Every structure is written in structure tokens, then in C-alpha cells.
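**Student:** pasting the sequence and the predicted model now:
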Protein chains: 2
Amino acid sequence: MGELRIGIAGHGNLGRGVELAIRQNDDMELAAIFTRRDPSAVKPLTAGAKVMKMDDIESMKDCIDVLIICGGSATDLPEQTPALAKHFNVIDSFDTHARIPEHFANVDKAAKQSGHLAFISLGWDPGLFSVNRLYAESILPNGKSYTFWGKGVSQGHSDAIRRVEGVKKGIQYTVPIESAMEAVRSGSQPELSTREKHLRECWVVAEEGADKAKIENDIKTMKNYFDQYNTTVNFISEEEFDRVHNKMPHGGFVMRSGLTGDGEKTHQMIEYSLKLESNPEFTASVLICYARALGRLYAEGARGCKTAFDIAPAYLSKLTGEELRASML
Amino acid sequence: MGELRIGIAGHGNLGRGVELAIRQNDDMELAAIFTRRDPSAVKPLTAGAKVMKMDDIESMKDCIDVLIICGGSATDLPEQTPALAKHFNVIDSFDTHARIPEHFANVDKAAKQSGHLAFISLGWDPGLFSVNRLYAESILPNGKSYTFWGKGVSQGHSDAIRRVEGVKKGIQYTVPIESAMEAVRSGSQPELSTREKHLRECWVVAEEGADKAKIENDIKTMKNYFDQYNTTVNFISEEEFDRVHNKMPHGGFVMRSGLTGDGEKTHQMIEYSLKLESNPEFTASVLICYARALGRLYAEGARGCKTAFDIAPAYLSKLTGEELRASML
């Protein structure tokens, strides 16, 4: 088998991450990057990379084995993934949990009609965290599951801060509460409210002359975003902001506390965690790894839409079954 | 589909754990327990459970959907699993890592010839830990993997202690070294020697009049078992031993520290851990969960031998694909 030819639709943080992840996998190559901007404005990280207009993407359908769609979940992916699945095998990271069933149905229909294979909602949550929830809940049916996120930057909450009057720059970190995690690990299976699981930590550069007390109050009382949490608002200089808060770290924890045995009194604890210096780079690494699985499953005849739940682990690895059993089992 | 009919071959700690795990899954039922002992000496935990001689197992081949073989890896499973795969769909927890390729080949041949499906080497290591190694190494190709075990009872090392002259009772706990785990989590990708990763903690009841200094020295210098480790030997009373050291806790950590991004400088950390009050009960829960997957894959036509690497997560859950996507993705 030749190298897997990867197309990237969208060249934001995630698209650039995918470009970099391809470099780490010598069974893949970058076929082209597609953008809605002027292609000459896109600076690929790969020497000689082809950058094309999104409108011309269909002309490349015989040159791409897997197209990774790097748009946003709010408006891009619900349109793009079903539309592009008519012409390509596609992967996306659609992460609006509540709308996954609807997105799945749309993509499944498009992919089946055109004879393509599509993987949706990949990355770490949804994605690896989902897989870990599934394994843990299947193994320990009598138990309770918990997901904690962070410490990491929430894009949605950072955007919300920046919409507050008087805010020049702002960033929000979601912080899991250590004592809540310890309570889970103890096996007590606590009921935890939203406020008890996470803190929201905000760093703000105020416009000159802005009313800081009002900014702080506007943030802390913002419906749905902050009002259900304990929130801290820290004002800093623009210089400090640019120097310290220029990264996109994230991560989190999936835990299941379960009981087994006679009388169901034996405590068993499963925990999965990620500590990521770059959320988009890690998400990209997950997408690229599933691109390999997609190439293989497509060659075996799989069509339609699948999620991480449907893909056996062996498909993700470059190694053969024999090599995996000898080295990793 | 009716309830999945489970047979249990061998009724030691693991077999009893399987019996208890069946109770937690209402889509399964216990068909029969098979023993090499006198069946009347076996005390099943399930009211009305059928206990039969292992020699009569073939007579039950039409009454069992999945046979879970609960023998030991040293001598039982290499014989039993291929032999029983001629008449049953089977699952084992074969855990001699170095001999897995050979075991796989033997079981695969027997299962294919007779048209059965067999899952081998399931449990948590090999099993869940293997799956986590595979996911993590596939996602972060530039990185280093670490497995730590414990704190928990090592059966093999406890047996070794009990063979030392003057030892009446003995148990050994494998203890992961916290500072080594912290070094891994820091992203420094340390090279760790055997001694730097784990301590061995021994609790011994000496025979009356035994030479304790000699016992301690005999244990600490025992080739392969203890000589490469820092080992502590603690002498306690039989009363304390029986009261405190009567459980089989275990667990461990699979970690991968990897680098992504431009110049591969971004640190990404994946960690999976288990903290188990009962090793055999947890292992049994894993086996029973994979029995469900086996039943489904067999119905789909799968034959031969498979490992945890070959089984898509969705097969483990009682929920449908639609329910999983709506609730767990």
C-alpha cells in the first residue's frame, strides 16, 4: 500500500495541527490544503504544500484518500461534513454532544449514497474520553462515571469574556476541583453539583478607563457560562497577557467508580486522564491516527458513518496484528 | 436474543469472580461450572447452579454460548484453551506475555478448524492496559511508554516467598515508585531501571524458631524475583497476617509521554490507571464484558482467535449504537 493521501479542509489551529501530525507518520502524505480564504494568504508548514480554494475541492477527489475537515462545530461541520462526504472519505471532530445523533444521521446518509466512509466526532472529547466511558461502564455496570475537564482553555468561555464591555483581551481556564476528584477516587460515589466539579479562572486585559468592578460582575453573573460556577477574574497587563496566556493547554479526567463481588462491596476504580500542552495539536494527532483506520476499513469495504465506538483498536496502529501481539499485548 | 449462556471452567478466585460478574449483567446467565475436583466439593455462589466434572464438559456443548476458562497461565491454559476451542466459543486470560504469539496460533488453529470464536489474553494486563498502550502509541508516535504495577499483590512473588525455608506465611506487594511516576508525568521521558520503577514489600510470618535474618537475606537475594529490586521484609504475627493481608488488591498505570507540533516540542501526556480492591473480581468483570462482544461477533460470523486489539468498543456495551451515540459520545 502506498502512502495515505490526506487532504485538510480549513487551516486554523486544528488544520495546522493536522499538517504537523502528518509529518510524524511516515505512512501518510499531505495531498492538499483547502481554504475559504485567498490561498496565497495561507502559510502552509510543509514545504511545497498545495493550497487550493475550498470551491475547487471536488477537482481533487481522485487525489485524496481521506479528507480531514477542520471547521467549527457550530456552523461549519453540520454543513461541510455531509456535503463533502458525497465526494470524499471524511473525518471530523464535531463536538456538540447534543447534536451528534442528528449529525451522524446526515453524514451516514450522504456517505452511504455516495459509497464513502466517514468518521465523525473524533478527538479527545468526544473521542478518547467517550471510548473510555464506554469501556469503563461496560466493565463495571454497577458504578458511577465522572468527567472532569482541565486545567485548560475553554474557547467558548474565552469568547464570552471578550464580548463583555470594557474587555480588551480575555482568556478562561476551566479548572477541575481536586477535592472533588479525590472524593470520587475514594469510592464514595459523591453527587457533585456543577459548582463542585469545576472552577472558572479568567484573565482579563481591561480597556483603558474601563470599570473593572463592573467587568468582574458582568462576567461572574453571565447566565449559563459563569453563574453556576465559582469564578475568579484577574486583571493583568497586556504585556503579561501576551507573554503568559498564549497557549492552548487542556486535558481532563474520565473516572468510573464501581462495585463488584458478593454483595457488591468491592471498590474498583478506573481513571483515564490527559494533560495536553496543546489541545489542537493533540486533537489533530487523534484525527490522523483514525485516518489510518479509515483507509484500512474503507479498503475492507466499510461504508457510511462511524464513530470511535465502532473502530477496533488494531486499526489505529501501523503495526500488524502479529507485531502488536508480540510487542504490546 | 435470549440471555447469553456462560460456562465457567475452573472455580478458583477468578471463576468465582466470573460467577459474581454474571449477576451484574442481566443479559447473561450461568449455564454450568466445570471443575477438576469432585463437583460436590465446589460451593457455587449462585442458587441452583449446575456443577459438573470437567471430563463431562463436551456433553454441554449445545447449552453454552461462551465458555470462560479460568485456569492458570503456566500449565492450564496452554492445554485447555486450544482443546476447548474445538467444542466451544472460549475466552481466557492467558497472561504469559512472551508466549502469547504461540498461544494465539494454537487457539486460532483449533477455533478455525471447528468453526468457533476465541478471545485470549483478556483482563487488565494483558487486556485493558494493552489496549491503552496501543491507543496511546498510535496517537503519539514520537514518545515513550511506561507501565507501572501496583500497589498490589503479586501471586508469583508471594509463592516465591512461601518457598523460602522458615516461612510459614508470606505475601508480596509490588509498589510503584511515586517519584518515578512524577518524573514521567513531567515529560522528561526518563530512562528508568527496574529498581527505579518498583519496590517489593514483603510481609512474612516466620516458623517458630526460624532464623529471621536468614529469611530476609534469602528473600532479598532471590534471583530474578527480588535481587533487581529494593525489597523490604517485615515480620508480623500470624494473627495480624490473617487479619490485614487477606485481600487481593492490585492496579497500575499505563503512561505515554509524547511530543507533537512544530519541532516536536509540545508535551502531551496520556495516563490510564486502575485501583482495584480485588484483582480477580475485576479481571472477571472484564472477561464477562468481552463475553457479550464474543456472542455478537460470533453471530456476525467471526471465527478464529482474537484479542482485545481486534474488538471495537461498541461490542462491549449492552446499549445499541444509537443509544451509545446519544448518551456516551
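**Tutor:** Sure, I can see it.
**Student:** mind listing what the residue of the stretch 101-250 of chain A found nearest chain B touches?
**Tutor:** Taking C-beta to the nearest C-beta, chain B has its nearest neighbour within the stretch 101-250 of chain A at residue A:138, 4.0 Å off. Where you see a C-beta, it was placed from the backbone N, CA and C, and this is true even at glycine. Contacts for residue A:138 were tallied using C-beta atoms under 8 Å, 6 or more residues apart in numbering or on different chains; they are B:289, B:292, B:313, B:316, B:317, B:318.
**Student:** confidence score at residue A:1?
**Tutor:** The confidence metric pLDDT takes the value 53 at residue A:1.
**Student:** quick check: residues of the stretch 51-200 of chain A near chain B?
**Tutor:** Proximity of the stretch 51-200 of chain A to chain B (C-beta under 8 Å from any C-beta of the partner chain) is limited to residues A:97, A:100-101, A:104, A:121, A:126, A:128, A:130-135, A:137-142, A:185.
**Student:** so what strands line up beside the host helix or strand of residue A:68?
**Tutor:** When elements are assigned from DSSP states H and E, residue A:68 belongs to strand A:66-69. Neighbouring strands of strand A:66-69 in its sheet, by DSSP bridges, are strand A:4-9 (parallel), strand A:90-91 (parallel).
**Student:** which strands and helices sit next to the helix or strand that the last one is followed by?
**Tutor:** Read it as strand A:90-91. Toward the C-terminus, strand A:90-91 is succeeded by helix A:100-114 as the next helix or strand (DSSP H and E). Helix A:100-114 is packed against helix A:76-84, strand A:117-119, strand A:304-306, helix B:321-327, with contacts defined by 3 or more C-beta pairs under 8 Å, 6 or more residues apart in numbering or on different chains; DSSP states H and E.
**Student:** and the longest helix belonging to chain A, which residues are buried?
**Tutor:** Longest among the helix segments of chain A by residue count, using DSSP state H, is helix A:279-299. If you call a residue buried by 16 or more other C-beta atoms under 10 Å in any protein chain shown, then helix A:279-299 has these buried ones: A:279-298.
**Student:** what angle sits between it and strand A:4-9?
**Tutor:** 130 degrees (axes from the mean of the first three to the mean of the last three C-alpha atoms, to 10 degrees).
**Student:** quick check, distance from helix A:279-299 to the centre of its chain.
**Tutor:** 12 Å (C-alpha atoms, centre = their mean, to the nearest Å).
**Student:** which parts of the stretch 101-250 of chain A are strands?
**Tutor:** For the stretch 101-250 of chain A, the strands defined by DSSP state E, counting those that start in this stretch cover A:117-119, A:143-149, A:152-153, A:167-176, A:198-206, A:230-235, A:250-260.
**Student:** so who does the most centrally placed residue in chain A touch?
**Tutor:** Among the residues of chain A, residue A:123 comes closest to the average C-alpha position under C-alpha atoms, centre = their mean, at 3.9 Å. Counting by C-beta under 8 Å, 6+ apart, residue A:123 makes contact with A:93, A:95, A:283, A:286, A:287.
**Student:** need the nearest residue in space to the second one, chain neighbours excluded.
**Tutor:** Which is residue A:95. Closest residue to residue A:95 in three dimensions, ignoring its sequence neighbours and counting by C-beta to C-beta, 6 or more residues apart in numbering or on different chains: residue A:73, at 5.0 Å.
**Student:** backbone phi and psi for that neighbour, please?
**Tutor:** When read as degrees, to the nearest 10, the backbone of residue A:73 gives phi -80, psi -20.
**Student:** gap between it and chain B?
**Tutor:** The span separating residue A:73 from chain B equals 13 Å under the rule C-beta to the nearest C-beta, to the nearest Å.
**Student:** now the strands of the stretch 101-250 of chain A as CSV including distance to residue B:325?
**Tutor:** Below are the strands of the stretch 101-250 of chain A laid out as CSV (distance: least, C-beta to C-beta, whole Å):
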stretch, distance to residue B:325
strand A:117-119, 13
strand A:143-149, 16
strand A:152-153, 25
strand A:167-176, 24
strand A:198-206, 25
strand A:230-235, 32
strand A:250-260, 17
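**Student:** of those, which stretch is the most buried?
**Tutor:** Mean neighbours per residue, mean count of other C-beta atoms under 10 Å in any protein chain shown, is largest over the strands of the stretch 101-250 of chain A for strand A:117-119, with a mean of 28.
**Student:** much appreciated, bye for now.
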